[in-house]
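Engineer: sequence-free structure coming up:
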């Protein structure tokens with residue numbers, strides 16, 4: 001009997017959470033979030049990574065209440081995880097945007113607190129720093145936001161991540177209506193990271209907003225040369241065309257191409273591309 005129990009325990013260890021989370025993560029990276037959740041549901045004793053991946057799946061599916069519950073369970077098992085605090089902040093932020101106006105301030109405040117905690121736990125968590133900057137930039141002072149706070153966060157990455165620092169300075173300058181300074185920062189970001197198509201796309205989108213459409217087209221062509229198979233470039237170009245109500249047939253083609261691509265969770269969601277297609281008349 002003892003031998004049977006030992007074998008059962010060994011089998012449980014072999015087929016336990018790490019193996020299940022690994023299988024589920026494959027589906028998550030393919031953006032098949034329902035399949036990932038189905039695999040995770042097989043786990044009889046989820047660990048912190050399992051709860052966190054469950055939360056990410058629910059987040060991507062837009063079920064932020066279940067996402068929060070899962071991230072809280074992950075944090076209960078790993079209370080010093082900067083990543084889990086970051087995702088919990090993101091989920092509360094989405095609840096603030098999608099919920100009722102009565103609950104929005106409280107949810108936004110929770111988002112800020114978790115972003116700040118994520119940064120405090122790991123100052124080198126780049127995504128947490130970016131999300132905290134975005135919160136400070138966009139939230140009103142009554143909820144803990146503010147331009148001065150955003151600028152302080154930007155300065156913290158000036159040496160470690162110069163291109164991202166220039167991008168954040170551009171956002172601050174644009175918010176202050178210092179348009180020439182904003183463009184200058186975006187150009188400097190592109191110069192510092194010439195192999196990153198996202199820096200070219202940032203500038204292309206910005207000059208399009210300033211009405212310089214031919215220059216924008218040339219920059220998007222440059223981004224495609226750097227990364228010819230990067231779905232996000234096609235998405236950004238299509239969105240810029242639609243926002244300026246031009247080249248709509250080309251925009252529809254780019255979005256169809258995007259939807260056929262092997263997307264990852266880091267790419268804009270398929271629903272966003274489908275919404276843009278409807279705006280473009282399809």
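Structural biologist: It's in. Worth saying up front: this structure is predicted, and the values here are computed from it rather than measured.

Engineer: going by C-alpha atoms from here, please, whenever you check contacts or count neighbours.
Structural biologist: Noted.

Engineer: what does stretch 165-178 rub up against?
Structural biologist: The contact list for stretch 165-178 (Cα atoms under 8 Å, 6 or more residues apart in numbering) reads 137, 147, 151, 154-155, 157-158, 179, 181-186, 188-189.

Engineer: quick one: which of the residues you listed is most hemmed in?
Structural biologist: Counting neighbours by other Cα atoms under 10 Å, residue 186 comes out on top of these with 28 neighbours.

Engineer: in the stretch 101-250 of the chain, which spans are helices?
Structural biologist: 104-121, 126-138, 147-156, 162-175, 179-192, 197-209, 213-226, 231-243, 248-260 (DSSP state H, counting those that start in this stretch).

Engineer: for the fifth one, name the packing helices and strands.
Structural biologist: Read it as helix 179-192. helix 162-175, helix 197-209 (3 or more Cα pairs under 8 Å, 6 or more residues apart in numbering; DSSP states H and E).

Engineer: and those: which comes nearest residue 95?
Structural biologist: With Cα to Cα as the measure, helix 162-175 is the member of the helices and strands packed on helix 179-192 nearest residue 95 (24.3 Å).

Engineer: give me the angle between that closest one and helix 179-192.
Structural biologist: 170 degrees (axes from the mean of the first three to the mean of the last three Cα atoms, to 10 degrees).

Engineer: pull the distance from helix 162-175 to the chain's centre.
Structural biologist: Centre-to-centre, helix 162-175 and its host chain are 18 Å apart (Cα atoms, centre = their mean, to the nearest Å).

Engineer: stretch 179-189 now?
Structural biologist: When C-alpha coordinates are averaged (Cα atoms, centre = their mean), stretch 179-189 and its chain have centres 23 Å apart.

Engineer: what's the answer for stretch 236-255, then?
Structural biologist: Averaging C-alpha positions (Cα atoms, centre = their mean) puts stretch 236-255 22 Å from its chain's average.

Engineer: who's in contact with that stretch?
Structural biologist: By Cα under 8 Å, 6+ apart, stretch 236-255 touches 201, 205, 208, 220, 234-235, 273-274, 276-277, 279-280, 282.

Engineer: could you dump the helices of the stretch 101-250 of the chain into CSV and include distance to residue 67?
Structural biologist: Conversion of these to CSV gives the following (distance: least, Cα to Cα, whole Å):
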stretch, distance to residue 67
helix 104-121, 13
helix 126-138, 18
helix 147-156, 27
helix 162-175, 28
helix 179-192, 34
helix 197-209, 29
helix 213-226, 35
helix 231-243, 25
helix 248-260, 25
